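*Asks:* I'd like to go over a predicted model; first the sequence, then the structure.
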Amino acid sequence: MKVRSENKNAITLCLEGVDTDRKQIRLDDFLAELHALRDALSCVDREANGKVTLYYRIIDLSHSSPATVTIQPVVKESLRRDAKYRNSPAVVHNRFFDSLHSIRFKNDRIENTSEQTIDAFKELISGLGTAYSSGAICNDGAKVPLDAEMSENVDNLIKPVFVSRGSVMGQLLSISFARGSKFYLYPKIGPASIACIFGAGIERQAMRCVKRNVRVFGEKQFRPNSGLPFRVNVTKIEELKTPRAFVKLEDNRAIYNGLPAHESIEKDRNEWG
């Protein structure tokens, strides 16, 4: 399916239900997939612009099998006067489809992409075989299947080549409990983010460290040719305290009396001699 060219930067999601539901998609499953699509687009938007700049309008909707919905990006009203976001719909749209195309057809690692974005792409195909039997994401010139090959290629992106135990430092910005307990660590150097999975035993400690710099300990997972982990199974979190700023000390001792240092020291020494 192609999106009509007059609907600039529009994105269409197509889903066909499973056989047990006579190919009709269930409402909850359809809404879950729309939520996953919105999250993936928001992640790409945040990477491209430093924050979420767009919202999406539904411009076409069909309940027949396959069920389809077409959405169109719109710059948030509060940002419309800022010239640097004027092309945000096209930038996010193109980056999103370039990433989807690279994963599905080239089985490539996406450059300059955070773990949060990769996890969001994973959610796009998490319902394959259970929530829907087939699906696709389309624009005016491309169609990317949400199929078994797409699922396998995304799995390859989050599959470690080797693991080790140790620690890594960064800023913990937010925590998600929607699909397992997870937060993303943002180090000052290295990868854009590191996915951190943690158990119930350190949930409270993780919550206390939101928006703080931390060191996490546990099993670190690495991709090929990478010296820094992309994922950590966390066993311990340690908040990094910011040291107090050094206070410059002014020497106001009266013995100097405006004299050069060497003369004042010589005078002081002679008085004691």
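*Replies:* Alright, I've got the coordinates. Numbering: from 1, shown residues only.
*Asks:* List the buried residues for stretch 159-173?
*Replies:* Across stretch 159-173, burial judged by 16 or more other CB atoms under 10 Å covers P160, V168, G170, Q171, L172. (C-beta placed from N, C-alpha, C; glycine too.)
*Asks:* isn't the fourth one right next to F183, touching?
*Replies:* No: applying CB atoms under 8 Å as the test, Q171 and F183 come out as separate, 10.3 Å apart.
*Asks:* Please, which helix or strand holds Y184?
*Replies:* Taking DSSP states H and E as the definition, one finds Y184 inside strand 182-186.
*Asks:* which residues make contact with that strand from outside it?
*Replies:* 114-116, 119, 168-176, 192-198, 206, 210, 214, 216, 232 (CB atoms under 8 Å, 6 or more residues apart in numbering).
*Asks:* Can you flag which of the residues you listed belong to helices?
*Replies:* In this view, the contacts of strand 182-186 that belong to helices under DSSP state H are E115, Q116, D119, A206.
*Asks:* and the spatially most central residue of the chain, what does it touch?
*Replies:* Nearest to the mean C-alpha position of the chain, counting by CA atoms, centre = their mean, stands Q116 at 3.0 Å. Q116 sits next to C43, Y184, S193, A195 when contact means CB under 8 Å, 6+ apart.
*Asks:* rerun at 10 Å
*Replies:* Listed by CB atoms under 10 Å, 6 or more residues apart in numbering, the contact partners of Q116 are 39-40, 42-43, 46-47, 173-174, 176, 182-184, 186, 192-195.
*Asks:* same question, M150
*Replies:* Each residue near M150 by CB under 10 Å, 6+ apart is listed here: 100, 103-105, 107, 121, 124-125, 128, 135-137, 144.
*Asks:* what about it, distance to R223?
*Replies:* Distance from M150 to R223, counting by CB to CB, to the nearest Å: 19 Å.
*Asks:* tell me which of the ones in helices among the contacts of strand 182-186 is nearest to T68?
*Replies:* D119 (25.3 Å; CB to CB).
*Asks:* Tell me the spatial nearest neighbour of the closest one, not counting adjacent residues.
*Replies:* A195 (6.4 Å; CB to CB, 6 or more residues apart in numbering).
*Asks:* Please verify my assumption that that neighbour contacts E115.
*Replies:* Yes: using CB atoms under 10 Å, A195 is in contact with E115, at 4.1 Å.
*Asks:* Mind listing the shared neighbours of these two?
*Replies:* Counting by CB under 10 Å, 6+ apart, the common neighbours of A195 and E115 are I158, K182, Y184, L185, P229, F230, R231.
*Asks:* low-confidence ranges in the stretch 51-200 of the chain?
*Replies:* By pLDDT under 70, the low-scoring segments of the stretch 51-200 of the chain are 109-112, 178-180, 191.
*Asks:* Which strands and helices lie in contact with the one helix or strand N94 maps to?
*Replies:* Here N94 sits within helix 88-101, counting by DSSP H and E. Contact partners of helix 88-101 among helices and strands, from 3 or more CB pairs under 10 Å, 6 or more residues apart in numbering; DSSP states H and E: strand 11-16, helix 27-49, strand 54-62, strand 67-75, helix 115-124, strand 134-138, strand 143-145.
*Asks:* what sits against K159?
*Replies:* Per CB under 10 Å, 6+ apart, neighbours of K159: Q221, R223, R231.
*Asks:* ok so, going back, show me the one of the helices and strands packed on helix 88-101 that comes nearest A83.
*Replies:* Ranking the helices and strands packed on helix 88-101 by their distance to A83 (criterion: CB to CB) puts strand 67-75 first, at 11.0 Å.
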